[in-house]
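Peer 1: pasting the structure only:
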């Protein structure tokens, strides 16, 4: 069998060697690739889609995103500052080591390290100790209304396996560090990574030591072979040629063609993910930059024709929004959805008011292989901003380079395309990383634009320990409103998941974009 990657090599060069029975191996392709295998070192959606099923958290989520038992089978909150969890017995890591409370203690502390990409979440879990081999207790400094939500975002690693490889601390993604744990893995999940060749393929195989019951699972898939292909044409050719079972990141322009063919199905869902443009708002008082001005950011927002984007770029396959969170998120208000009206005249007037009558130059960063129609979106928006007299330089890069360059934003971009989402719908899990002033405990961990708004910081600070849900929701609503008022980030749409598969593939689409290993099935 062969898989088509025209941009890389010929068809013949990619023949699959000695595959398992077709009904048991799912062959998948998509635009991106894993950014590393250390689950504490990365917090990137594509990698999380797979890695958090390899290194499982204590709590996981069902298809409706409801929290359910994972490596922990039960939990209680005996006092305001104490959480106690009972762990699942008879669990083993893929290498045969027994899972116990010491692995939880190790993983929580490791995820709180300054190099951790999930430190912002892990810090809220407080101090952890093993009570016995199957019981852990957490002591927080203050009441934490989102303790369980945070717990579900921390993957568990084997303490002995990790330290034995010299990976006591996570590799710093910001510093582009690599360790043995960024290229190998050992988890408790349903699948294990049998092979990872960067940029070429990842092979997932059933973990024979998984604590779950494959007889009760809905999957007959024994292996998943994932091969990235940056070109949409290459992904489509692999599917049409019969060498691929499922493709991620289908282009909206291709969907109509595929829907007409009886052997394929188009799988779609609105993802719990907002695609947005971020702005460099770093405080450089000695040399003020245009994007530090909310007038300029508002002007750029008024210059975008969202109806045009929906029709011409997404062909109807997106959900326009000005909100950084889902409608179901606590704190969300209906008015958060409405974009500034498309009005070029108003946009020009705001630029004049801000002191930029003749426009200015900006570098627009865009990944080439992360979001559906990402380059098409950036190209269209660049053209809209150019109409205002702004000199836009569009810089597109593969996501492996692009997301690393966001860490040094001043050097690379002025405006950048990004998204935020995942399994949690709590608004603090969006505003905290993206809009809080960067701090020493992981606050503003993904605030690449260096947003610093005392009003947002103060509201998030009050919400952090507020256990009364009605009061907390009001605080988060005010923070979301302030964010939109200042156009700190310019939300474009909620991403539409568009996957295309052979009719034989059975998969439940989830709003967190998870390809659930234990639920996949291939019919004869």
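Peer 2: Cool, the structure landed. For clarity, every value in this text was computed on a predicted model and none was experimentally measured. Residues are numbered from 1 along each chain as shown.
Peer 1: which residues in the stretch 51-200 of the chain form strands?
Peer 2: Here the stretch 51-200 of the chain has its strands, by DSSP state E, counting those that start in this stretch, at 59-61, 67-69, 72-79, 82-87, 127-132, 135-139, 191-197.
Peer 1: what is the first one packed up against?
Peer 2: Think strand 59-61. For strand 59-61, the contact count by 3 or more CB pairs under 8 Å, 6 or more residues apart in numbering; DSSP states H and E identifies strand 67-69 as packing neighbours. To be clear about C-beta, it is placed using only N, CA and C from the backbone, and glycine gets the same treatment.
Peer 1: may I see the buried residues of the strand it packs on?
Peer 2: In terms of neighbour count (16 or more other CB atoms under 10 Å), strand 67-69 has its buried residues at residue 67.
Peer 1: could you dump the strands of the stretch 51-200 of the chain into a markdown table with mean pLDDT and distance to residue 501 added?
Peer 2: Listed next are the strands of the stretch 51-200 of the chain as a markdown table, based on pLDDT from 0 to 100; distance: least, CB to CB, whole Å:
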| stretch | mean pLDDT | distance to residue 501 |
| --- | --- | --- |
| strand 59-61 | 94 | 22 |
| strand 67-69 | 95 | 26 |
| strand 72-79 | 97 | 33 |
| strand 82-87 | 98 | 36 |
| strand 127-132 | 98 | 41 |
| strand 135-139 | 98 | 40 |
| strand 191-197 | 96 | 18 |
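Peer 1: kindly reformat these as JSON lines containing distance to residue 249.
Peer 2: Putting those into JSON lines (distance: least, CB to CB, whole Å) gives the following:
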{"stretch": "strand 59-61", "distance to residue 249": "22"}
{"stretch": "strand 67-69", "distance to residue 249": "28"}
{"stretch": "strand 72-79", "distance to residue 249": "34"}
{"stretch": "strand 82-87", "distance to residue 249": "37"}
{"stretch": "strand 127-132", "distance to residue 249": "38"}
{"stretch": "strand 135-139", "distance to residue 249": "38"}
{"stretch": "strand 191-197", "distance to residue 249": "20"}
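Peer 1: which among those is found nearest to residue 45?
Peer 2: Using CB to CB as the measure, strand 59-61 is the one of the strands of the stretch 51-200 of the chain that comes nearest residue 45, at 14.7 Å.
Peer 1: now find how far off-centre the closest one is within its chain.
Peer 2: With CA atoms, centre = their mean, to the nearest Å as the basis, strand 59-61 stands 16 Å off its chain's centre.
Peer 1: for stretch 437-444, same thing?
Peer 2: Distance, centroid of stretch 437-444 to centroid of chain: 19 Å (CA atoms, centre = their mean).
Peer 1: and stretch 122-141, end to end?
Peer 2: Stretch 122-141 has an end-to-end distance of 13 Å (CA to CA, to the nearest Å).
Peer 1: over to stretch 176-189?
Peer 2: Distance between the boundary residues of stretch 176-189 (CA to CA) amounts to 27 Å.
Peer 1: what's the answer for stretch 139-157, then?
Peer 2: End-to-end distance of stretch 139-157 (CA to CA): 21 Å.
Peer 1: buried ones in that stretch, by neighbour count?
Peer 2: Across stretch 139-157, burial judged by 16+ other CB under 10 Å covers 140, 144-157.
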